[in-house]
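**Q** Give me the fold of what follows.
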Amino acid sequence: MSSKGSTSTKKKPATEPAWEDATISEEGGVRYLHLGTPWVQGAMRVRKPHEIELEYVQRMMVWLLWRPLAGWRNAHAVQLGLGAGAITRFCHKKLRTRTTVVELNPTVIGVCRAWFHLPFDDERLTVLNQDAATYVDEPAHFGSVDALCVDLYDHDAASPVLDDDAFYAGCYRLLADDGVMTVNLFGRNASFDNSAARIAKVFGERVAQLKATKEGNTIVVAWKGKELPERDVLTARADTIERELGLPARKWVKLLGSLQI
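**A** Coordinates of the predicted model:
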């Protein structure tokens, strides 16, 4: 996340909603999403809308290493928090997986459809204007998610909006028996340590992290099922991901390590 100027896309209603209006800015061919502040909530390179622009968002795709690439084709990918729709667009267009995204703020959905190439719902894509806390608690969703991406910061990017033991337990229940979750944690401070500890409490030893980006985003990975594949297996899968999807997966293998709390 970084600091950029922004321009509001709509006027606030007379009654203040429980969210900040989505705003946009553009610089150097990159369009940015904000929530009424300079903090960047997502980005898209205008001429390459189906590529993932921000490094930390690319790293949230590290779950691809947990299976051979062909094993993700019939998977169900869920994003809690739409941002600028980068992961949603990538899963829908490039991976062609069944994709569900849950976003509480209706102005984010509207701006993403107008300015960030977010597709309308179809047989593979469902966009829900819903609280993620509600989604993770619905029994109909338990065990249905193969890849879960969690990025739920508010307009000030101070700490995750949903971050307690009950929420991460709900995420655990969502995952299929070999499902994987990635969580964006911003900053290296007490907030990070507390969030990481809550995830580890729920997932036990099935946790890892990628070293922080220069902006301060650390991606935590938690999963069900087997242990983390051996390094040579991860490297071979990373080669395939780079060749077929253009993501810097070999770097992910180098950055992947034990969770540091």
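**Q** Flag every buried residue along the host helix or strand of Ile24.
**A** Element membership for Ile24, per DSSP states H and E: strand 23-27. Residues Thr23, Ile24, Ser25, Glu26 are the ones in strand 23-27 that count as buried (16 or more other Cβ atoms under 10 Å). Every residue, glycine included, has its C-beta placed from N, CA and C.
**Q** Show me which of those residues is closest to Pro160.
**A** The closest of those to Pro160 turns out to be Thr23 (Cβ to Cβ; 21.0 Å).
**Q** where do the strands sit along the protein?
**A** Using DSSP state E, the strands assigned to the chain run over residues 7-8, 23-27, 30-34, 42-45, 76-80, 98-103, 125-129, 145-150, 175-186, 207-210, 217-223, 256-257.
**Q** Those strands: lowest mean pLDDT?
**A** Looking at the strands of the chain, the lowest mean pLDDT belongs to strand 7-8 (a mean of 40).
**Q** contacting residues for the residue positioned nearest the centre of the chain?
**A** With the centre of the chain defined as its mean C-alpha position, the nearest residue by Cα atoms, centre = their mean is Cys149, 3.8 Å away. Cys149 sits next to Met60, Met61, Trp63, Ala77, Val78, Gln79, Leu80, Gly81, Ile87, Met181, Thr182 when contact means Cβ atoms under 8 Å, 6 or more residues apart in numbering.
**Q** List of residues touching stretch 200-219?
**A** 1-2, 55-56, 59-60, 62, 165, 168-169, 171-172, 182-188, 192, 196, 199, 220-225, 227-228, 252, 255-261.
**Q** Need the per-residue pLDDT for Asp156.
**A** For Asp156, the model assigns a pLDDT of 66.
**Q** go on, the one 4 residues further on?
**A** Note for Pro160: predicted pLDDT of 84.
**Q** so who does the nearest residue to it once chain neighbours are set aside touch?
**A** Using Cβ to Cβ, 6 or more residues apart in numbering and skipping the chain neighbours, the partner closest in space to Pro160 is Leu152 (5.1 Å). Residues in contact with Leu152, defined by Cβ under 8 Å, 6+ apart, are Leu80, Gly81, Ala132, Pro160, Val161, Leu162, Asp163.
**Q** And Leu152, how far from Lys251?
**A** 25 Å (Cβ to Cβ, to the nearest Å).
**Q** give me every residue that touches Pro229.
**A** Applying Cβ under 8 Å, 6+ apart to Pro229 gives the contacts Leu65, Trp66, Arg237.
**Q** could you dump stretch 174-188 to PDB, C-alpha only?
**A** Extracted in PDB, the C-alpha atoms of stretch 174-188 (Å, rounded to 0.1, in the frame of the first residue of the first chain):
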ATOM      1  CA  LEU A 174     -14.600 -22.700   4.600                       C
ATOM      2  CA  LEU A 175     -11.500 -24.600   3.300                       C
ATOM      3  CA  ALA A 176     -11.700 -27.900   1.500                       C
ATOM      4  CA  ASP A 177      -9.600 -30.700   3.000                       C
ATOM      5  CA  ASP A 178      -6.600 -29.600   1.000                       C
ATOM      6  CA  GLY A 179      -7.600 -25.900   0.800                       C
ATOM      7  CA  VAL A 180      -5.100 -23.000   1.200                       C
ATOM      8  CA  MET A 181      -5.600 -19.500   2.600                       C
ATOM      9  CA  THR A 182      -3.500 -16.400   2.100                       C
ATOM     10  CA  VAL A 183      -3.900 -13.300   4.300                       C
ATOM     11  CA  ASN A 184      -2.400  -9.900   3.700                       C
ATOM     12  CA  LEU A 185      -1.000  -8.400   6.900                       C
ATOM     13  CA  PHE A 186       0.300  -4.900   6.600                       C
ATOM     14  CA  GLY A 187       3.100  -3.700   8.800                       C
ATOM     15  CA  ARG A 188       5.600  -5.400  11.200                       C
END
